[in-house]
Structure formats: C-alpha cells, structure tokens
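Colleague: turn this into a model:
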Amino acid sequence: EDRKKPLLQRLDDLKAVIYQADLGTSFAKVQRFARLAEYISEQVEPGKTSLVKLAARLSKCDLVTQMVTEFPELQGIMGEIYARLDGHPEEVCRAVREHYLPDKAEGELPSSVTGAVVGIADRMDTITGCFAVGLMPTGSADPFALRRHAIAIIRIIESFGWDISLQGLISKSISILADEIPLEESPLFEKVLDFFRERYKQMMLRSGYKSDPVEAVVSVAFDHIASLRSRVEQLEQFIARSEESELLLLAFKRVINILKNQEEHSKVDPALFKEPCEAKLWRTFLELKDDIHHLMVQGEFLSVLKLLSRLKDPVNEFFDGVEILTKESPSLRKNRLGLLQNLATLFLSFADFSKFSV
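Modeller: Here you go, the predicted model:
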C-alpha cells in the first residue's frame, strides 16, 4: 500500500500531523529545519547542499506511511528503504535514517555528511522551538529530550570537526522560527546558548575532564566548539606539567583584581610611561599578541600558554614598580589601567584563568 505513492509526495500529508500545538504541524517543522539544514550545509559542505535539501524534505515523510504508523520504531528505517526504491541518491537514502542518530547519549553517530547536517538542523529546530514556547527541561523532566538533542549536536560537530559557529546556528534557527511565531529573539538566544554551554560542561565533566579548565575555557569561548576539547586538554596539560603555571595564574589574577569596577576602557599612550617596567610590559605585550592570535587560529594552544607565560615577570615587575591607581595624575592612572586592560583581553582570548583556585 505504501508503495502506491512516492515518498516525497507524502510531504504534504504532514500538514495533517500536529507536531506541537504552539509550533504547528510536522510539515511546518520540516520546512523550518530544511532551511536551517541548507544554511548549515553552506557553512560546512557547500557541495552537498542539494542532497541536504532533498534529504530534509524526505526525512519525515515515512511518518505518514502505514508501516510506520503501525510500527513507529521503524521511522527512518522505512524512509531509507522507500527512498532507495524511489531511486534517490544513496547518501540521501542513508540520511533519512541517519538523521535520527545518535538515538541515545553515547549512541552511534551519522556516517554521512548529509545525515549529520539534517540531524543537527532537526534537533536545533526542536530545541529553539521548545524554548520559545516555554517547554524547557525542568529537573528530571525533559519530555522532548532536549538535553540529549543538545549533546547530539555537540558530538556531531566535534566528530566531523566542523568549524561552524554554534551561536550563528542558534541565531539562524531562531530567526527562521520568528517567521512563524511571535518571540523575543535576544532573550531566547541567551537561554538556548546557556543551555548548550551547561550541557557541554556536563558532558566534559562526565568524560573525566577537571572542572577548573573546563570552566576557564567555556566561560570565554563557547562558539566554535569543535576546537574546545583540544583547548581544554592542552590547558590541563599545561597546568599539570608546567612549573610556571601557578605563577601565570597568580599574575593574571593580579591583573583582573585591579581591573574590577573599571568599566571605562582606556587607550595606552607610551609617551606617558614613567618607569622602565611600564615600557617593558607594553613592549612584551606588543611582541606577543600577534603570535598568540596566529597560534590560537592554528589550535596550537600549548604554544599560546608558553607565550602567555612570558608575560608573568613583566606583569609582576609592573605591579612592584609603579602605583597603578595613582592619584598623582588621572592620565597616568588611565594609561596604566589601559595597559592592564589590553593584557586582560589577551589572556581572556584563551581562557578565564580566574576560574582556577590558586
């Protein structure tokens, strides 16, 4: 009976299936995440976009077949079979089944790019949609499995090593959703991003990583998540093995503590330097900052930490050699604070070292 109608022709039948009362039909959901899947594909694998668009449109069509209606556990499986019988490309057929993977916390991941992209898009639409209508997880209650969906998205991005902006992905999903339901985009974005950040931290802690390095990295860099694990690992190595790590942490904390409540950002004028330690600190900062930025892009995080360590002695000499919050001259005070603000920004481009207990 199911074979009397090509799978793709069943897409319109999803208009009669309510996905969720406030989020509309399953057809509307497919339309949303198909747009999101196209966006993701353009970011990570532009050559696959046509396959991704087709797979997204086919992905839920088997939900209205007699076989899946009678045996819901066959969703995706029958879709793959019917898509293959209809002559669709093999990767598209596999994606119809694989976009449901992983189907449990540590489950198998999609093997195809197309299945992975459609799976991320479907899950992200579910998460942003549920948050938009107030269906966030509470305590042990998570009826839409949003925690599992978030972990699945993180694992897939990590597995494929895609340098995609998670924040951009969340924003795009929300903007697509905003075409259909009224919502406040900025607060929703912050809630969803915080949800992902917390899920990532919990995943890392369960995997055996220590809390301080995870917190230090995630609190300043939670966007391109494919490189985060490596950053945390190399920070852990540095803290465990380097004799200089504690001195670096202490130097950073001296900088951060004196900048508390200093909201105005001050420019640095080298002509105002009075002591050699000021010039030395500024010179060292200028020598290192471009190399640090380059190494960050390359993912050479241990090398970044070694360069940052070269700042600890100039920082301590600066603190010992001048009165930073001097009352002698407002311009001198601002100049010294500006120097430290530049240092803090450089440190925080890697991690918030104040998260470590020293």
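
Colleague: quick one: Leu74 and Gln66 touch, right?
Modeller: No: if you go by Cβ atoms under 8 Å, Leu74 and Gln66 don't touch, sitting 10.9 Å apart. Bear in mind the C-beta positions are built from the backbone N, C-alpha and C, glycine included.

Colleague: tell me which of those two has more neighbours.
Modeller: Leu74 (15 against 10; other Cβ atoms under 10 Å).

Colleague: wait, what's in contact with the more buried one?
Modeller: Asp62, Met67, Val68 (Cβ atoms under 8 Å, 6 or more residues apart in numbering).

Colleague: try it again at 7 Å.
Modeller: Met67, Val68 (Cβ atoms under 7 Å, 6 or more residues apart in numbering).

Colleague: for Pro46, same thing?
Modeller: Contacts here follow Cβ under 7 Å, 6+ apart; on that basis Pro46 touches nothing.

Colleague: buried residues, stretch 161-176. List them.
Modeller: Within stretch 161-176, the residues scored as buried using 16 or more other Cβ atoms under 10 Å are Trp162, Ile164, Leu166, Leu169, Ile170, Ser171, Lys172, Ser173, Ile174, Ile176.

Colleague: right, I mislabeled it, should have said stretch 42-54
Modeller: Buried residues in stretch 42-54, counted by 16+ other Cβ under 10 Å: Gln43, Val44, Glu45, Lys48, Thr49, Leu51, Val52, Lys53, Leu54.

Colleague: thinking again about what came up before, mind listing which of the buried residues of stretch 161-176 are in helices?
Modeller: Residues of the buried residues of stretch 161-176 located in helices (DSSP state H): Leu166, Leu169, Ile170, Ser171, Lys172, Ser173, Ile174, Ile176.

Colleague: would you turn these into JSON lines with distance to Gly107 and pLDDT?
Modeller: Listed next are those as JSON lines, based on distance: Cβ to Cβ, whole Å; pLDDT from 0 to 100:
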{"residue": "Leu166", "distance to Gly107": "21", "pLDDT": "98"}
{"residue": "Leu169", "distance to Gly107": "21", "pLDDT": "98"}
{"residue": "Ile170", "distance to Gly107": "23", "pLDDT": "98"}
{"residue": "Ser171", "distance to Gly107": "28", "pLDDT": "98"}
{"residue": "Lys172", "distance to Gly107": "26", "pLDDT": "98"}
{"residue": "Ser173", "distance to Gly107": "23", "pLDDT": "98"}
{"residue": "Ile174", "distance to Gly107": "27", "pLDDT": "98"}
{"residue": "Ile176", "distance to Gly107": "27", "pLDDT": "98"}
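
Colleague: which one of the residues you listed sits closest to His265?
Modeller: Ser171 (26.2 Å; Cβ to Cβ).

Colleague: residues in contact with the closest one?
Modeller: Counting by Cβ under 7 Å, 6+ apart, Ser171 touches Phe189.

Colleague: if I look at it, how far off is Glu300?
Modeller: Distance check for Ser171 against Glu300: by Cβ to Cβ, to the nearest Å, it reads 29 Å.

Colleague: again with Leu85
Modeller: Taking Cβ to Cβ, one finds Leu85 at 50 Å from Glu300.

Colleague: repeat that for Ala226.
Modeller: As judged by Cβ to Cβ, Ala226 and Glu300 stand 15 Å apart.

Colleague: Phe27 too?
Modeller: As judged by Cβ to Cβ, Phe27 and Glu300 stand 48 Å apart.

Colleague: same question, Pro270
Modeller: Relative to Glu300, Pro270 is positioned 29 Å away (Cβ to Cβ).

Colleague: neighbour count for those two, which is higher?
Modeller: Between Pro270 and Glu300, counting by other Cβ under 10 Å, Glu300 is the more crowded of the two (17 against 12).

Colleague: so what's that one up against?
Modeller: Residues counted as contacts of Glu300 (Cβ under 7 Å, 6+ apart): none.

Colleague: the strands in the chain, which residues?
Modeller: 18-20, 24-25 (DSSP state E).

Colleague: which one of those lies closest to Ala132?
Modeller: So among the strands of the chain, strand 18-20 is nearest, using Cβ to Cβ, at 10.6 Å.

Colleague: circling back to that earlier point, now the buried residues of stretch 161-176 as a markdown table including distance to Phe285?
Modeller: A markdown table is the format used below for those (distance: Cβ to Cβ, whole Å):
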| residue | distance to Phe285 |
| --- | --- |
| Trp162 | 33 |
| Ile164 | 32 |
| Leu166 | 30 |
| Leu169 | 34 |
| Ile170 | 34 |
| Ser171 | 33 |
| Lys172 | 37 |
| Ser173 | 39 |
| Ile174 | 38 |
| Ile176 | 43 |
